[in-house]
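> Next input, structure requested:
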Amino acid sequence: MDLRTLTGHCAAMPSTATVEEVQAEFARANVDFLAVTEGEVLLGVCARRELVSALGSRFGFALNARQPVRAYLMAAPLRVVVGEKMTEVFKAAAARPDREFYDDVLLVEDSGRYVGMIPMRTIVRLQTEFLLDNNARLEASRLEIAGKNRQMEDDLLMAREVQLAMLPQTHLPLASSGMTLRIAHRFQPAGGVSGDFFDVLRLSDHAVGILICDVMGHGVRSALITAMVRAMLEELRPIAADPGVLLTRLNRDLTRILRQTGGMIFVTAAYAVIHLGFGKLRYAQAGHPTPLRWDQQARKMRPVTCPPEAAGPALGLMDEFEFTTSEEPITAGDRLLLFTDGLFEAASPGGEEFGPQRLADALAAQIGQPLDASITALLRDVQGFSAGAPFSDDVCIVAVELAPT
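Have a look, this model is predicted:
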């Protein structure tokens, strides 16, 4: 804004003028402040109130009327320079003491040449208009942001529904060698969408593959990567009978894609193949928590057998890593639990994690219950430990039972 347009007047008096003459000019011009100059040089500002005080006291007119006005200049009038930002003028005017708040503001050029007086009422009016305009803009911006947030929430809700709809079919009619395969699961995103997921691959009439993954972080980006891994898994189905081979290929393809993102993103994974006909469990993992197995013959809960060569790094970090497969026998009555770390990282009010050992103990305590009920009881135990606090990370659980037929 050109501050010149705000001036109320540019009246001035020479420094040689007397107090009486200046008082007469105040009356004639009907202003409260006058500039005082000496030739082209601005000396300062004179206020009507100062002269009224000087002339109105006892003997004041007789003593002061003939005095030069330069003796009655204001000590520190507020002056602003042409070209100064209006917001800075607002700040300077508002910072003045209460007694001087309504004084006119002196406007000068960069050289110090007098331009005129800006009435404080003009500045107050402009500031009010400025604030009202800002409030209107803020309200418009708030409404726009609220609309975008609603759209984002709608999009996330749809993405969540799609993600849930894509969960695999776990009711597989698979039976062999006196055993029937039963699967139960729980899938609880911490937010709208999840970076955890699992898939169940029917490999033959006697074998099934179960993959569980956890993408670093959670939210939209992680959910997009889970969709990408799921698509890759379909292409790799022909080699899915060997966990080590599957994770090797999956890691190679994923690393080459994630490397292009420019950031560090990785995916932990555990993959188990259960072959009822041969009574075998084949397994490999990539930076993922080792699943727990209820060994019916030993009557104890223990981790799945996973030697170092079968426990490689997370997917997406080392594209040439070769995963290998471990193998162990399974029998009727055995159970297997695959899970993501959000399950045992749930914390108590004091900050202590539930932890893997409590997880194993809680599972062992529920082994006499039906498979689905045992998962419900497990989640109840974890949330009781955390005093009902919601999970801070995504949680995915896949439980498998080899029920005797």
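> where are the low-confidence patches of the stretch 201-350 of the chain?
217-219, 262-263 (pLDDT under 70).
> Then the stretch 51-200 of the chain?
Checking the stretch 51-200 of the chain against pLDDT under 70 turns up 58, 149, 151-167, 169-171, 192.
> Walking through it, point out its strands one by one.
79-81, 105-108, 114-118, 175-176, 179-188, 196-202 (DSSP state E, counting those that start in this stretch).
> Tell me which of those strands approaches Ala365 most closely.
strand 179-188 (17.1 Å; CB to CB). No exception for glycine: its C-beta is placed from N, CA and C like everyone else's.
> What's the local residue count around Val229?
Around Val229 sit 21 other residues, with neighbours defined as other CB atoms under 10 Å.
> Please apply the same query to Glu352.
11.
> Now it. Its backbone dihedrals?
Main-chain dihedrals, Glu352, degrees, to the nearest 10: phi -80, psi 130.
> if we can go back for a sec, of the strands of the stretch 51-200 of the chain, which approaches Ile367 most closely?
So among the strands of the stretch 51-200 of the chain, strand 179-188 is nearest, using CB to CB, at 13.8 Å.
> Nearest approach to Lys91 belongs to which of the strands of the stretch 51-200 of the chain?
strand 79-81 (10.6 Å).
> Which elements pack onto that closest one?
helix 86-94, strand 105-108 (3 or more CB pairs under 8 Å, 6 or more residues apart in numbering; DSSP states H and E).
> Among the ones you listed, pick out the one with the most neighbours on average.
Mean neighbours per residue, mean count of other CB atoms under 10 Å, is largest over these for strand 105-108, with a mean of 21.
> Direction included, what does that one pair against?
strand 79-81 (parallel), strand 114-118 (antiparallel) (DSSP bridges).
> Out of these, which is the most enclosed?
strand 114-118 (a mean of 21).
> Do a quick rundown of the helices in the stretch 101-250 of the chain.
120-165, 220-235, 243-258 (DSSP state H, counting those that start in this stretch).
> Show me what the second one is packed against.
Using 3+ CB pairs under 8 Å, 6+ apart as the contact criterion, the elements in contact with helix 220-235 are helix 120-165, strand 196-202, strand 207-215, helix 243-258.
> now the ones you listed in CSV, with distance to Ala347 and mean neighbour count?
Shown next, in CSV, are those (distance: least, CB to CB, whole Å; neighbours: other CB atoms under 10 Å):
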stretch, distance to Ala347, mean neighbour count
helix 120-165, 25, 12
strand 196-202, 18, 23
strand 207-215, 18, 25
helix 243-258, 30, 21
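> want to throw those into TSV with distance to Pro370?
Shown next, in TSV, are those (distance: least, CB to CB, whole Å):
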stretch	distance to Pro370
helix 120-165	23
strand 196-202	19
strand 207-215	19
helix 243-258	28
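> Quick one: closest of the ones you listed to Leu338.
strand 207-215 (4.4 Å).
> Parallel or antiparallel, list what pairs with the closest one.
Strand 207-215 is paired, per DSSP bridges, with strand 196-202 (antiparallel), strand 267-275 (antiparallel).
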